[in-house]
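[1] Here is a sequence with its predicted model. Questions after.
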Amino acid sequence: MMDRWAGAVDRDTLRGALLSPRKVALVGASADPAKTTARPLRYLRRHGFSGEILLVNPGRPEIEGMPTVPSILDLPDGVEHAFLMVRADAVADAVVACGAKGIPVATILSDGFAEAGEEGMARQQRVAESARSAGVRLLGPNSIGVIGTGRPGEGAFAMSANAALEAESLLRGRLGVVSQSGSIIGAMISQGASRGIGFSSLVSVGNEIDLSVGAIGALMLDDPRTEAILLFLESIRDGASLAQLAQAADTRGKPVIAYKLGRSEAGRALAATHTGALAGEDTLVSAFLADLGIARVRSFEALIEAPPLFIHTGAPRGRRVAVATTTGGGGAMLVDSLGTLNIEIATIPAAVRVTLDSAGIEGHGDRLVDLTLAGTRPEVVRDVISGLMADPSIDAVAIVVGSSAEFYPDLAVAPLLDFADAPKPLAIYLVPAAEASRRRLSEAGLAVFRTPEACAEGVGAYLDRRPPRPPCDTDPAGLNEIEAILAGAEGEALDEVRGRAVFAALGVPGPQGSVVTSEEECTAAVERIVKGTGAPAVLKILSAGITHKSDIGGVVLGVEDAAAARAAYWKITEAVARARPDARIDGVLVQAMASGGVAEALIGFRRDPTLGPMVVLGAGGIFTEIYRDSVVRCAPVDRDIARAMIDEVRGLRIASGYRGRAVGDMDALAEAVVAVSRLAACENVTEAEINPLLIKTVGEGVAALDALVVRREK
């Protein structure tokens, strides 16, 4: 991602020109109504733009009764925003002309840029350089445009080629949308309209040649109509600007909710370490968004339906949800969906039990508030929801409404309107279609869902969201020592000896050993270890180019005497020579086998070029990637976050005294996670991993049994 040229246009000018200009130019506008380039003029007129529209077309003197000018340079002064609908190879010149006319912002509809291979990438670079020199801020290329749904003179601005704007009117609302997909803008409009959900502004960012998702979202925050920002992401191209958006949104109390494509890791090249496999793109993205306080939903329906759960509601203290229902089957579906997300169903509070008893509703259970058999009554629904909202142990409330939502809406739907401004979120799942009730509730600002799965997901996203995490201390002890170790290495990957030295400098110890290069040296080293420690030795090939040594026969365990040492030495060297004849071998590392461990862990570090440094904790050993039992956080982390990470790894529960087993030194494990995460301060380290890390019993600490560090290419 290129550097932004933020100084070209001041913030107020940029915001006004991008989202609510008063004078726009359609460059390349067509007189043929069937063409895409004819749409923006039609849509601007249809949807209430009250500013001045100017047309640029060298081949026609007028379009739709409006005069044209042959070039951008022939436009009058004062144009704030130009929509460039010309050939890709003409865009750079058009941008230069915009700069010459003092036009601060241009949106590029044209395609044929970075998505079109090397030639397109070069063309995009030329456009960017032209804009930087001309002082013009760019949206796109491949941007379908900008849509504002305000009233005429109050934000109405539909300068877009999206066919969804053929609709006679646009539903106004309080949600801002920034999408990397142009077609999704239209889907949001139509899907929202069918639910009674409107938007304030919708922007298609395209290739993000300049203005990014984060930068545009931050400008939307200044709009008092916008109470939440929704992001549709295909990738994260500018993590820094997204972080700035998240912080600004949190300061203003406006939630940011994201849907991110690419949950599958198919096609993603794995890094050299287990960490690279465990911390795939989607895992990193989830950790990154969570760290920023951006709620992530995993279905498109939840992106549209869930936002009211986040608006003007306090932060949750736990994960306890109260569920009421007017239909047993519908209530069971929602409870089941919540359970798959490990969300606790709250017990019925005493005050609500009194309400139920007073209403003659008998036989209610401990958790689900089932109003089915007693018949739905508005006063009972209202009192039950009020009681659930008032209980301090409940973090969110959900209600499932059956057929009465469609045929008798005043019974169970109308009472819910009283909770539009409740301090806790109310999630409503309507089992029947009940479109009239759905629109009525949505237009009141309530979260209404069409499926139990989307309802549960929306509630889960609310419960999981936390404020942006404040920065942790990033300066590890031994930073200078680590830099010296890196400087003395050859190649990208450090061999195990140097890798161990890096972790030792961080305060994570490991067994000592010696490097041997002959059978005689190996035999002597093994005899010293056995005699000195009483423990057998382990032999490992030493090569910076071989990361998974055991996979190619590069490790032999339990070597106890001279004969075994000779056999192990030749076994290792011959196996590695066959498997990796190209690898540089620096010898064989001989160490005492560690004992007394309760469990094994993996601690990894990875520096993503877009998302930044990450730390990974998982169950260790050779089957780490198979079990995929791991957790990722943005680095660095503090002790509390490290302990929370430990609690999430199922394979590490064995070290908590499971079924009478010894208790592991989890404090030492947490300190090791914190220490490794502080590699974030070492810009020259791109990956690092300890696997396995032996967790000893309480008070005995941990030991790094293998170590790998990958440094930045010189």
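    Nice, thanks for sending it over. Numbers count the residues shown, from 1 in each chain.

[2] contacting residues for residue 69?
    When contacts are counted by CB atoms under 8 Å, 6 or more residues apart in numbering, residue 69 is found next to 54, 55, 56, 75. Every residue, glycine included, has its C-beta placed from N, CA and C.

[3] Would you map out the domains in this protein?
    Structural domains of the chain, as assigned by automatic domain parsing, span the residue ranges 6-261, 314-464, 511-592, 597-711.

[4] With neighbour count added, can I get the contacts of residue 69 in a markdown table?
    Compiled in a markdown table, the contacts of residue 69 are given as follows (neighbours: other CB atoms under 10 Å):
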| residue | neighbour count |
| --- | --- |
| 54 | 21 |
| 55 | 23 |
| 56 | 25 |
| 75 | 21 |
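
[5] residues making contact with stretch 541-551?
    Contact with stretch 541-551 is made by 272-273, 489-491, 493-498, 515, 540, 552, 554-555, 572-573, 576, 580, 582-589, 622, 706, 708, as judged by CB under 8 Å, 6+ apart.

[6] How about stretch 341-358?
    With CB under 8 Å, 6+ apart as the test, stretch 341-358 has contacts from 318-323, 335, 338-339, 364-369, 380, 383-384, 387-388, 390-391, 393-394, 456-457, 459-460, 463.

[7] Can you give me the end-to-end span of it?
    Distance across stretch 341-358, first residue to last, is 34 Å (CA to CA, to the nearest Å).

[8] got it, and stretch 629-642?
    16 Å.

[9] on that earlier part again, buried subset of the contacts of stretch 341-358, written for ChimeraX?
    Typed into ChimeraX, the next command selects the buried ones out of these (criterion: 16 or more other CB atoms under 10 Å):
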select :319,320,321,322,323,335,338,364,368,369,380,383,384,387,388,391,394,456,457,459,460,463
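
[10] Against residue 27, how distant is residue 129?
    20 Å (CB to CB, to the nearest Å).

[11] Which ones among the contacts of stretch 341-358 map onto helices?
    When helices are assigned by DSSP state H, the members of the contacts of stretch 341-358 inside them are 335, 338-339, 380, 383-384, 387-388, 390, 456-457, 459-460, 463.

[12] what stretches of the stretch 401-550 of the chain score poorly on pLDDT?
    473-477 (pLDDT under 70).

[13] Count the residues that sit near residue 298.
    Other residues near residue 298 number 16, with proximity taken as other CB atoms under 10 Å.

[14] Could you please name the strands the helix or strand encompassing residue 694 pairs with and the direction of each pair?
    Here residue 694, judged by DSSP states H and E, is contained in strand 685-696. The partner list of strand 685-696 in its sheet, established with DSSP bridges, is strand 597-608 (antiparallel), strand 702-704 (antiparallel), strand 707-711 (antiparallel).

[15] Go ahead and measure how far the longest one is from the middle of the chain.
    Think strand 597-608. With CA atoms, centre = their mean, to the nearest Å as the basis, strand 597-608 stands 22 Å off its chain's centre.

[16] Residue 129 and residue 27: which is more packed in?
    Neighbour totals were compared for residue 129 and residue 27, and residue 27 leads with 30 against 13 (other CB under 10 Å).

[17] So what does that one look like in phi/psi?
    phi -100, psi 120 (degrees, to the nearest 10).

[18] what's the spacing between it and residue 108?
    Distance of residue 27 to residue 108, computed by CB to CB: 10 Å.

[19] joint contacts of these two?
    The overlap between the contact sets of residue 27 and residue 108 (CB under 8 Å, 6+ apart) consists of residue 84.

[20] Show me what the helix or strand encompassing residue 530 packs onto, helices and strands only.
    Element membership for residue 530, per DSSP H and E: helix 519-533. Taking 3 or more CB pairs under 8 Å, 6 or more residues apart in numbering; DSSP states H and E as the contact definition, the neighbouring helices and strands of helix 519-533 are strand 513-516, strand 537-542, helix 562-579, strand 587-592.

[21] Show residues contacting the shortest one.
    When contacts are taken as CB under 8 Å, 6+ apart, the neighbours of strand 513-516 outside the stretch itself are 497, 522, 524-525, 542, 569, 586-592.

[22] filter those residues to the buried ones?
    Burial by neighbour count, 16+ other CB under 10 Å: within these this picks out 497, 522, 524-525, 542, 569, 586-592.

[23] Which of the domains of the chain sits closest to residue 505?
    In terms of CB to CB, the element of the domains of the chain nearest to residue 505 is domain 597-711, at 9.5 Å.

[24] averaged over its residues, what pLDDT does the closest one have?
    In this model, domain 597-711 has a mean pLDDT of 91.

[25] circling back: out of the contacts of stretch 541-551, which are buried?
    Among those, those scoring as buried are 272-273, 489, 493-498, 540, 552, 554-555, 572-573, 576, 580, 583, 585-589, 706, 708 (criterion: 16+ other CB under 10 Å).

[26] Please enumerate the strands of the stretch 151-300 of the chain.
    Along the stretch 151-300 of the chain, the segments classed as strands by DSSP state E, counting those that start in this stretch run 154-160, 172-179, 199-204, 228-233, 256-260, 295-297.

[27] try the stretch 301-450 of the chain
    320-325, 344-345, 369-370, 396-401, 426-430, 447-449.

[28] average model confidence for the second one?
    In this model, strand 344-345 has a mean pLDDT of 96.

[29] what's the spacing between that strand and its chain's center?
    A distance of 25 Å separates the C-alpha centroid of strand 344-345 from that of its chain, computed with CA atoms, centre = their mean.

[30] Return the distance of the closest residue in space to residue 73 that isn't next to it in sequence relative to residue 504.
    With sequence-adjacent residues excluded and distances taken as CB to CB, 6 or more residues apart in numbering, residue 73 is closest to residue 97, at 5.4 Å. Using CB to CB, one gets 61 Å for the distance from residue 97 to residue 504.

[31] Repeat that for residue 334.
    From residue 334 to residue 504 the distance is 52 Å (CB to CB).

[32] who has more neighbours, these two?
    Taking other CB under 10 Å, residue 334 and residue 504 do not tie; residue 334 has more neighbours (27 against 18).

[33] check contacts around the more buried one.
    Neighbouring residues of residue 334 by CB under 8 Å, 6+ apart: 323, 325, 398, 400, 429, 452, 455, 456.

[34] That one - nearest residue in space that isn't next to it in sequence?
    For residue 334, ignoring the flanking residues on the chain, the nearest one in space by CB to CB, 6+ apart is residue 452 at 4.4 Å.

[35] Burial check on the one you found, number of neighbours?
    The local packing of residue 452 (other CB under 10 Å) involves 21 other residues.

[36] Am I right that it is in contact with residue 428?
    No - counting by CB atoms under 8 Å, residue 452 does not reach residue 428; the two are 11.5 Å apart.

[37] Quick check: residue 497 touching residue 589?
    Yes - under the criterion of CB under 8 Å, residue 497 makes contact with residue 589 at 6.7 Å.

[38] Look up phi and psi at residue 402.
    Its backbone dihedrals place residue 402 at phi -90, psi -140, with angles given as degrees, to the nearest 10.

[39] Run through the residues that contact the residue nearest to it when sequence neighbours are not counted.
    Ranked by CB to CB, 6+ apart and with sequence neighbours excluded, the top spatial neighbour of residue 402 is residue 327, at 3.1 Å. When contacts are counted by CB under 8 Å, 6+ apart, residue 327 is found next to 372, 400, 401, 402, 403, 431.
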